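Engineer: just need the structure, nothing else, for what follows:
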Amino acid sequence: MTFRVTVLGAGSVGIFVGGKLAAAGAEVTFVGRPRLLDEIRAHGLRLSDLDGGDERVAPDAFGAETVPESAATADLVLITVKSAQTGEAVAELVDRIGSGTVVVSLQNGIGNDTVIREVLTSCVVLAGMVMFNVAHQGEGHFRRGTEGVLAVTDNPAVDRFAPLFARAGLPLDRHADLLPVQWAKLLLNLNNPVNALSGLPLRDQLAGRDYRRCLSLAQAEALAVMRRARIRPARLTRVPPWLMVRVLGLPDVVFTRLAGAVVAVDPQARSSMADDLELGRRTEIAWLSGEIVNLGRMVGMPAPVNARLTELIGAAERGDPRRWAGTELLAELRAAKSGGVDAAHSAQRG
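Structural biologist: Residues are numbered from 1 along each chain as shown. This next block holds a predicted model:
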(Lines give C-alpha, C1' and ligand atoms only; values in the text may rest on other atoms or scores of the structure.)
Protein backbone atom coordinates (compact mmCIF):
# COMPACT_ATOMS: atom_id res chain seq x y z
CA MET A 1 0.00 0.00 0.00
CA THR A 2 1.25 3.48 -0.88
CA PHE A 3 0.61 6.00 1.87
CA ARG A 4 -0.25 9.59 1.04
CA VAL A 5 1.56 12.00 3.36
CA THR A 6 1.12 15.76 3.61
CA VAL A 7 3.92 17.71 5.28
CA LEU A 8 2.53 21.01 6.52
CA GLY A 9 5.59 23.20 7.01
CA ALA A 10 8.19 22.71 4.29
CA GLY A 11 11.22 23.88 6.26
CA SER A 12 14.44 21.98 6.82
CA VAL A 13 13.00 19.38 9.21
CA GLY A 14 9.76 18.89 7.28
CA ILE A 15 11.54 18.47 3.96
CA PHE A 16 14.11 16.05 5.40
CA VAL A 17 11.52 13.83 7.07
CA GLY A 18 9.08 14.02 4.16
CA GLY A 19 11.89 13.43 1.68
CA LYS A 20 13.00 10.29 3.48
CA LEU A 21 9.40 9.02 3.40
CA ALA A 22 9.18 9.78 -0.32
CA ALA A 23 12.43 7.86 -0.89
CA ALA A 24 10.83 4.94 0.98
CA GLY A 25 7.86 4.89 -1.40
CA ALA A 26 5.28 7.24 0.13
CA GLU A 27 3.33 9.75 -1.95
CA VAL A 28 4.48 12.95 -0.24
CA THR A 29 3.28 16.50 -0.75
CA PHE A 30 5.08 19.44 0.85
CA VAL A 31 3.12 22.54 1.87
CA GLY A 32 5.11 25.70 2.47
CA ARG A 33 6.48 28.98 1.22
CA PRO A 34 7.28 29.46 -2.48
CA ARG A 35 10.97 30.16 -1.73
CA LEU A 36 11.80 26.60 -0.65
CA LEU A 37 9.16 24.91 -2.81
CA ASP A 38 10.60 26.51 -5.96
CA GLU A 39 14.06 25.34 -4.95
CA ILE A 40 13.11 21.71 -4.43
CA ARG A 41 10.96 21.68 -7.58
CA ALA A 42 14.03 22.83 -9.54
CA HIS A 43 16.68 20.64 -7.91
CA GLY A 44 14.86 17.74 -6.34
CA LEU A 45 16.08 16.59 -2.93
CA ARG A 46 19.44 15.50 -1.68
CA LEU A 47 19.24 14.05 1.84
CA SER A 48 22.53 13.43 3.60
CA ASP A 49 23.63 12.80 7.18
CA LEU A 50 26.69 12.83 9.38
CA ASP A 51 26.86 9.01 9.23
CA GLY A 52 27.60 9.04 5.50
CA GLY A 53 24.07 8.52 4.17
CA ASP A 54 23.33 10.35 0.94
CA GLU A 55 20.26 9.81 -1.23
CA ARG A 56 18.40 11.78 -3.85
CA VAL A 57 14.71 12.20 -4.62
CA ALA A 58 13.76 13.43 -8.08
CA PRO A 59 11.42 16.44 -8.44
CA ASP A 60 8.71 14.25 -9.96
CA ALA A 61 8.73 11.93 -6.90
CA PHE A 62 6.92 14.41 -4.61
CA GLY A 63 4.32 17.17 -4.74
CA ALA A 64 4.60 20.79 -3.62
CA GLU A 65 1.86 23.30 -2.90
CA THR A 66 1.33 26.53 -0.97
CA VAL A 67 -2.18 25.56 0.21
CA PRO A 68 -2.79 22.11 1.80
CA GLU A 69 -5.22 20.75 -0.79
CA SER A 70 -3.51 17.35 -0.55
CA ALA A 71 -4.73 16.99 3.04
CA ALA A 72 -8.15 16.01 1.70
CA THR A 73 -6.81 12.62 0.59
CA ALA A 74 -3.88 12.23 2.99
CA ASP A 75 -3.50 9.18 5.20
CA LEU A 76 -1.03 11.04 7.40
CA VAL A 77 -0.39 14.74 8.00
CA LEU A 78 2.87 15.85 9.61
CA ILE A 79 2.83 19.31 11.19
CA THR A 80 6.33 20.81 11.08
CA VAL A 81 5.64 24.55 11.16
CA LYS A 82 7.17 26.75 13.86
CA SER A 83 5.16 26.81 17.09
CA ALA A 84 4.08 30.41 16.54
CA GLN A 85 2.40 29.38 13.30
CA THR A 86 0.52 26.34 14.59
CA GLY A 87 -2.93 27.91 14.95
CA GLU A 88 -2.83 29.68 11.60
CA ALA A 89 -1.48 26.64 9.75
CA VAL A 90 -3.95 24.17 11.23
CA ALA A 91 -6.88 26.50 10.46
CA GLU A 92 -6.11 25.91 6.77
CA LEU A 93 -6.82 22.20 7.28
CA VAL A 94 -10.28 22.56 8.84
CA ASP A 95 -12.35 22.40 5.66
CA ARG A 96 -9.96 20.11 3.82
CA ILE A 97 -8.78 17.25 6.03
CA GLY A 98 -10.79 14.06 6.27
CA SER A 99 -12.31 12.74 9.48
CA GLY A 100 -10.10 10.18 11.18
CA THR A 101 -6.90 11.32 9.47
CA VAL A 102 -3.80 10.80 11.61
CA VAL A 103 -2.05 14.09 12.38
CA VAL A 104 1.35 14.16 14.09
CA SER A 105 2.91 17.31 15.49
CA LEU A 106 6.69 17.15 14.92
CA GLN A 107 7.37 20.50 16.58
CA ASN A 108 9.47 21.97 19.36
CA GLY A 109 7.87 23.15 22.57
CA ILE A 110 5.05 21.95 24.77
CA GLY A 111 1.36 21.83 23.89
CA ASN A 112 1.26 22.15 20.10
CA ASP A 113 -0.67 18.89 19.87
CA THR A 114 -3.29 20.35 22.24
CA VAL A 115 -3.73 23.37 19.96
CA ILE A 116 -4.10 21.09 16.94
CA ARG A 117 -6.51 18.74 18.71
CA GLU A 118 -8.80 21.62 19.68
CA VAL A 119 -9.09 22.64 16.02
CA LEU A 120 -9.10 19.24 14.25
CA THR A 121 -11.61 17.57 16.53
CA SER A 122 -12.40 14.70 14.16
CA CYS A 123 -8.77 13.67 13.57
CA VAL A 124 -6.39 11.44 15.50
CA VAL A 125 -3.86 14.00 16.75
CA LEU A 126 -0.59 12.81 18.30
CA ALA A 127 2.42 14.59 19.77
CA GLY A 128 5.81 13.90 18.27
CA MET A 129 9.36 15.25 18.43
CA VAL A 130 12.24 15.39 15.96
CA MET A 131 15.31 14.66 18.05
CA PHE A 132 17.93 15.69 15.50
CA ASN A 133 19.12 18.83 13.75
CA VAL A 134 18.69 19.42 10.00
CA ALA A 135 20.62 22.06 8.06
CA HIS A 136 19.61 23.49 4.69
CA GLN A 137 22.66 23.43 2.41
CA GLY A 138 21.05 24.99 -0.68
CA GLU A 139 19.96 23.60 -4.07
CA GLY A 140 17.65 21.05 -2.46
CA HIS A 141 20.29 19.64 -0.12
CA PHE A 142 19.20 18.98 3.48
CA ARG A 143 21.62 17.43 5.94
CA ARG A 144 20.99 15.75 9.29
CA GLY A 145 23.74 17.16 11.47
CA THR A 146 23.23 15.36 14.80
CA GLU A 147 22.20 11.97 16.14
CA GLY A 148 18.57 11.40 17.13
CA VAL A 149 15.28 9.68 16.36
CA LEU A 150 11.64 10.53 15.78
CA ALA A 151 9.68 10.23 19.03
CA VAL A 152 5.90 9.90 18.97
CA THR A 153 3.04 9.18 21.34
CA ASP A 154 2.22 5.48 21.21
CA ASN A 155 -1.19 4.84 19.71
CA PRO A 156 -2.73 2.03 17.62
CA ALA A 157 -3.08 4.54 14.77
CA VAL A 158 0.73 4.57 14.48
CA ASP A 159 0.96 0.84 13.77
CA ARG A 160 0.19 1.06 10.06
CA PHE A 161 2.79 3.78 9.44
CA ALA A 162 5.62 2.35 11.54
CA PRO A 163 7.00 0.10 8.72
CA LEU A 164 7.13 3.10 6.36
CA PHE A 165 9.19 5.14 8.82
CA ALA A 166 11.46 2.16 9.46
CA ARG A 167 12.08 1.74 5.69
CA ALA A 168 12.87 5.44 5.51
CA GLY A 169 15.58 5.06 8.16
CA LEU A 170 13.47 6.96 10.68
CA PRO A 171 12.19 4.28 13.08
CA LEU A 172 9.62 5.64 15.51
CA ASP A 173 10.51 5.78 19.19
CA ARG A 174 7.07 5.29 20.75
CA HIS A 175 6.14 6.54 24.24
CA ALA A 176 2.99 6.03 26.27
CA ASP A 177 3.47 9.60 27.56
CA LEU A 178 5.54 11.93 25.42
CA LEU A 179 5.49 14.89 27.84
CA PRO A 180 8.66 13.85 29.73
CA VAL A 181 10.42 13.56 26.35
CA GLN A 182 9.14 16.97 25.27
CA TRP A 183 10.41 18.59 28.47
CA ALA A 184 13.77 16.84 28.04
CA LYS A 185 14.03 18.05 24.44
CA LEU A 186 13.15 21.55 25.62
CA LEU A 187 16.11 21.36 28.03
CA LEU A 188 18.41 20.49 25.13
CA ASN A 189 16.86 23.23 22.99
CA LEU A 190 17.80 25.84 25.58
CA ASN A 191 21.09 25.81 23.70
CA ASN A 192 19.30 27.31 20.67
CA PRO A 193 19.37 30.91 21.96
CA VAL A 194 22.97 30.51 23.14
CA ASN A 195 23.97 29.24 19.71
CA ALA A 196 22.01 31.94 17.89
CA LEU A 197 23.59 34.71 19.97
CA SER A 198 27.07 33.28 19.43
CA GLY A 199 26.85 33.36 15.64
CA LEU A 200 28.90 30.14 15.53
CA PRO A 201 28.22 26.64 14.18
CA LEU A 202 26.92 24.32 16.89
CA ARG A 203 30.10 22.29 17.17
CA ASP A 204 32.30 25.37 17.61
CA GLN A 205 29.89 26.92 20.11
CA LEU A 206 29.62 23.75 22.20
CA ALA A 207 33.40 23.42 22.18
CA GLY A 208 33.62 26.70 24.09
CA ARG A 209 33.49 26.26 27.86
CA ASP A 210 31.93 29.67 28.54
CA TYR A 211 29.11 29.02 26.07
CA ARG A 212 28.51 25.65 27.75
CA ARG A 213 28.39 27.43 31.10
CA CYS A 214 25.67 29.68 29.65
CA LEU A 215 23.68 26.59 28.69
CA SER A 216 24.33 25.11 32.13
CA LEU A 217 22.84 28.18 33.81
CA ALA A 218 19.73 28.01 31.62
CA GLN A 219 19.28 24.27 32.17
CA ALA A 220 19.89 24.42 35.93
CA GLU A 221 17.25 27.11 36.26
CA ALA A 222 14.84 25.15 34.07
CA LEU A 223 15.34 21.99 36.13
CA ALA A 224 14.67 23.89 39.35
CA VAL A 225 11.44 25.28 37.93
CA MET A 226 10.42 21.83 36.64
CA ARG A 227 11.16 20.33 40.05
CA ARG A 228 8.92 22.90 41.69
CA ALA A 229 6.22 22.04 39.14
CA ARG A 230 6.78 18.29 39.75
CA ILE A 231 7.83 17.71 36.15
CA ARG A 232 10.39 14.95 35.58
CA PRO A 233 12.06 15.18 32.16
CA ALA A 234 13.07 11.97 30.43
CA ARG A 235 16.70 10.98 30.06
CA LEU A 236 17.67 11.42 26.41
CA THR A 237 21.45 11.32 26.66
CA ARG A 238 24.01 9.10 28.30
CA VAL A 239 24.40 11.75 31.00
CA PRO A 240 21.15 12.46 32.94
CA PRO A 241 19.85 16.06 32.89
CA TRP A 242 20.81 16.94 36.47
CA LEU A 243 24.37 15.72 35.93
CA MET A 244 24.68 17.31 32.49
CA VAL A 245 24.32 20.72 34.15
CA ARG A 246 27.57 20.03 36.01
CA VAL A 247 29.34 18.33 33.11
CA LEU A 248 28.76 21.29 30.78
CA GLY A 249 30.96 23.50 32.92
CA LEU A 250 33.92 21.13 33.07
CA PRO A 251 37.20 21.89 31.25
CA ASP A 252 37.09 21.01 27.55
CA VAL A 253 39.20 17.84 27.79
CA VAL A 254 37.14 16.39 30.63
CA PHE A 255 33.85 17.43 29.03
CA THR A 256 34.74 15.76 25.74
CA ARG A 257 35.66 12.55 27.56
CA LEU A 258 32.39 12.42 29.54
CA ALA A 259 29.94 13.82 27.00
CA GLY A 260 31.64 13.60 23.63
CA ALA A 261 28.36 12.78 21.90
CA VAL A 262 27.14 16.30 22.69
CA VAL A 263 29.74 17.76 20.34
CA ALA A 264 29.45 14.96 17.77
CA VAL A 265 27.81 17.45 15.43
CA ASP A 266 28.25 18.13 11.73
CA PRO A 267 30.70 21.07 11.34
CA GLN A 268 28.15 23.11 9.40
CA ALA A 269 25.14 22.51 11.66
CA ARG A 270 23.53 25.48 13.39
CA SER A 271 20.42 25.81 15.51
CA SER A 272 17.13 26.52 13.77
CA MET A 273 16.95 29.71 15.83
CA ALA A 274 20.17 30.95 14.23
CA ASP A 275 18.68 30.24 10.81
CA ASP A 276 15.50 32.11 11.71
CA LEU A 277 17.43 35.19 12.79
CA GLU A 278 19.49 35.14 9.61
CA LEU A 279 16.31 35.02 7.52
CA GLY A 280 14.58 37.73 9.55
CA ARG A 281 11.91 35.37 10.86
CA ARG A 282 10.30 35.19 14.27
CA THR A 283 12.01 32.57 16.43
CA GLU A 284 10.59 29.97 18.81
CA ILE A 285 12.14 31.58 21.89
CA ALA A 286 8.70 31.99 23.50
CA TRP A 287 8.24 28.21 23.32
CA LEU A 288 11.73 27.45 24.71
CA SER A 289 13.20 29.85 27.28
CA GLY A 290 9.83 31.61 27.42
CA GLU A 291 8.18 28.33 28.40
CA ILE A 292 10.47 28.11 31.43
CA VAL A 293 9.73 31.73 32.38
CA ASN A 294 5.98 31.11 32.16
CA LEU A 295 6.19 27.87 34.14
CA GLY A 296 8.23 29.71 36.76
CA ARG A 297 5.51 32.33 37.11
CA MET A 298 2.93 29.57 37.59
CA VAL A 299 4.87 27.97 40.44
CA GLY A 300 6.19 31.19 42.00
CA MET A 301 9.82 30.81 40.99
CA PRO A 302 11.64 33.49 38.97
CA ALA A 303 13.61 32.34 35.91
CA PRO A 304 15.88 35.34 35.25
CA VAL A 305 18.46 33.53 33.10
CA ASN A 306 15.87 32.30 30.64
CA ALA A 307 14.08 35.65 30.81
CA ARG A 308 17.32 37.40 29.80
CA LEU A 309 17.90 34.96 26.94
CA THR A 310 14.35 35.70 25.79
CA GLU A 311 15.08 39.44 25.88
CA LEU A 312 18.35 39.10 23.98
CA ILE A 313 16.76 37.00 21.24
CA GLY A 314 13.91 39.51 21.07
CA ALA A 315 16.46 42.28 20.49
CA ALA A 316 18.08 40.17 17.75
CA GLU A 317 14.69 39.66 16.12
CA ARG A 318 14.28 43.44 16.07
CA GLY A 319 17.59 43.85 14.23
CA ASP A 320 20.33 43.90 16.89
CA PRO A 321 23.31 42.38 15.00
CA ARG A 322 25.47 41.70 18.06
CA ARG A 323 27.30 38.39 18.25
CA TRP A 324 28.16 37.57 21.85
CA ALA A 325 31.51 36.17 22.90
CA GLY A 326 31.23 33.38 25.45
CA THR A 327 32.73 35.44 28.27
CA GLU A 328 30.36 38.35 27.57
CA LEU A 329 27.22 36.23 27.39
CA LEU A 330 28.18 34.31 30.52
CA ALA A 331 28.69 37.57 32.44
CA GLU A 332 25.32 38.84 31.19
CA LEU A 333 23.48 35.71 32.33
CA ARG A 334 25.28 35.57 35.67
CA ALA A 335 24.26 39.18 36.29
CA ALA A 336 20.67 38.32 35.41
CA LYS A 337 20.75 35.34 37.76
CA SER A 338 22.14 37.44 40.60
CA GLY A 339 19.49 40.10 40.05
CA GLY A 340 16.75 37.48 39.92
CA VAL A 341 17.92 35.93 43.18
CA ASP A 342 17.98 39.34 44.86
CA ALA A 343 14.47 40.11 43.57
CA ALA A 344 13.17 36.76 44.80
CA HIS A 345 14.66 37.34 48.26
CA SER A 346 13.15 40.82 48.39
CA ALA A 347 9.72 39.44 47.50
CA GLN A 348 10.01 36.81 50.22
CA ARG A 349 11.04 39.41 52.80
CA GLY A 350 8.16 41.62 51.70
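
Engineer: and V7, that one's in a strand?
Structural biologist: Yes. Checked against DSSP: H, G, I helix; E, B strand; the rest coil, V7 lies within a strand.

Engineer: how far off centre is the strand ranked longest in the chain?
Structural biologist: Across the chain, the longest stretch assigned as strand under DSSP state E is strand 124-130. Relative to the chain's own centre, strand 124-130 is displaced by 13 Å; criterion: CA atoms, centre = their mean, to the nearest Å.

Engineer: how far away from the center of its chain is whatever helix or strand comes next after it?
Structural biologist: The first helix or strand that comes after strand 124-130 along the chain, using DSSP states H and E, is strand 134-138. Distance of strand 134-138 from the chain centroid (CA atoms, centre = their mean) equals 15 Å.

Engineer: in terms of secondary structure, what does strand 134-138 contact?
Structural biologist: helix 12-23, strand 141-144 (3 or more CB pairs under 8 Å, 6 or more residues apart in numbering; DSSP states H and E). For glycine as for every other residue, the C-beta is placed from the backbone atoms N, C-alpha and C.

Engineer: now it and helix 12-23, what's the angle there?
Structural biologist: Per axes from the mean of the first three to the mean of the last three CA atoms, to 10 degrees, the angle that strand 134-138 makes with helix 12-23 is 80 degrees.

Engineer: can you tell me the strand partners of strand 134-138 and which way each runs?
Structural biologist: strand 141-144 (antiparallel) (DSSP bridges).

Engineer: what's in contact with the helix or strand just after the strand it pairs with?
Structural biologist: With elements assigned by DSSP H and E, the helix or strand that comes after strand 141-144 is strand 150-153. Residues from elsewhere that reach strand 150-153, judged by CB atoms under 8 Å, 6 or more residues apart in numbering: 17, 104, 106, 113, 126-131, 158, 165, 170-178, 181, 185.

Engineer: 10 Å - rerun?
Structural biologist: By CB atoms under 10 Å, 6 or more residues apart in numbering, the residues outside strand 150-153 that reach it are 17, 20, 78, 104-106, 113, 125-132, 158, 161-162, 165, 168, 170-179, 181-182, 184-185, 234, 236.

Engineer: for the closest residue to L126 other than its chain neighbours, give the beta-bridge partners.
Structural biologist: Distances taken as CB to CB, 6 or more residues apart in numbering put T153 closest to L126, at 4.5 Å, once the chain neighbours are dropped. Beta-bridge partners recorded for T153 (DSSP bridges): H175.

Engineer: state the distance from T153 to Q182.
Structural biologist: Here T153 is placed at a distance of 10 Å from Q182 (CB to CB, to the nearest Å).

Engineer: turn the helices and strands packed on strand 134-138 into CSV, including distance to A196, mean neighbour count and mean pLDDT.
Structural biologist: Shown next, in CSV, are these (distance: least, CB to CB, whole Å; neighbours: other CB atoms under 10 Å; pLDDT from 0 to 100):
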stretch, distance to A196, mean neighbour count, mean pLDDT
helix 12-23, 15, 25, 97
strand 141-144, 19, 23, 95
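
Engineer: may I see the ones you listed organised as TSV, with distance to M273 added?
Structural biologist: Shown next, in TSV, are the helices and strands packed on strand 134-138 (distance: least, CB to CB, whole Å):
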stretch	distance to M273
helix 12-23	12
strand 141-144	18
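
Engineer: okay, and the residue lying closest to W242 once chain neighbours are set aside sits in which element?
Structural biologist: Of all residues not flanking W242 in the chain, L223 sits nearest, at 6.3 Å (CB to CB, 6+ apart). In this assignment (DSSP H and E), L223 forms part of helix 209-228.

Engineer: contact partners for the closest residue to Q137 other than its chain neighbours?
Structural biologist: Spatially, and ignoring its direct neighbours in sequence, Q137 is nearest to R143 (5.5 Å; CB to CB, 6+ apart). Each residue near R143 by CB under 10 Å, 6+ apart is listed here: 12, 16, 46-50, 53-54, 133-137, 266, 268-269.

Engineer: of the residues you listed, buried ones?
Structural biologist: 12, 16, 46-50, 133-136, 266, 269 (16 or more other CB atoms under 10 Å).

Engineer: now the residues you listed as a markdown table including distance to L120?
Structural biologist: As requested, the buried ones among the contacts of R143 are arranged in a markdown table below (distance: CB to CB, whole Å):
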| residue | distance to L120 |
| --- | --- |
| S12 | 25 |
| F16 | 24 |
| R46 | 33 |
| L47 | 29 |
| S48 | 34 |
| D49 | 32 |
| L50 | 35 |
| N133 | 28 |
| V134 | 25 |
| A135 | 31 |
| H136 | 28 |
| D266 | 35 |
| A269 | 33 |
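
Engineer: so for these, which is the shakiest by pLDDT?
Structural biologist: Lowest pLDDT of the buried ones among the contacts of R143: D266, 79.

Engineer: contact partners for the nearest residue to that residue once chain neighbours are set aside?
Structural biologist: Counting by CB to CB, 6+ apart, D266 lies nearest to G145, which is 3.4 Å off, once chain neighbours are set aside. Contact partners of G145, counting by CB under 10 Å, 6+ apart, are 12, 48-50, 132-135, 137, 201-203, 264-270.

Engineer: go with 8 Å
Structural biologist: Applying CB under 8 Å, 6+ apart, the residues contacting G145 are 49-50, 132-135, 202, 265-266, 268-269.

Engineer: same question, L330
Structural biologist: 210-211, 213-214, 217.
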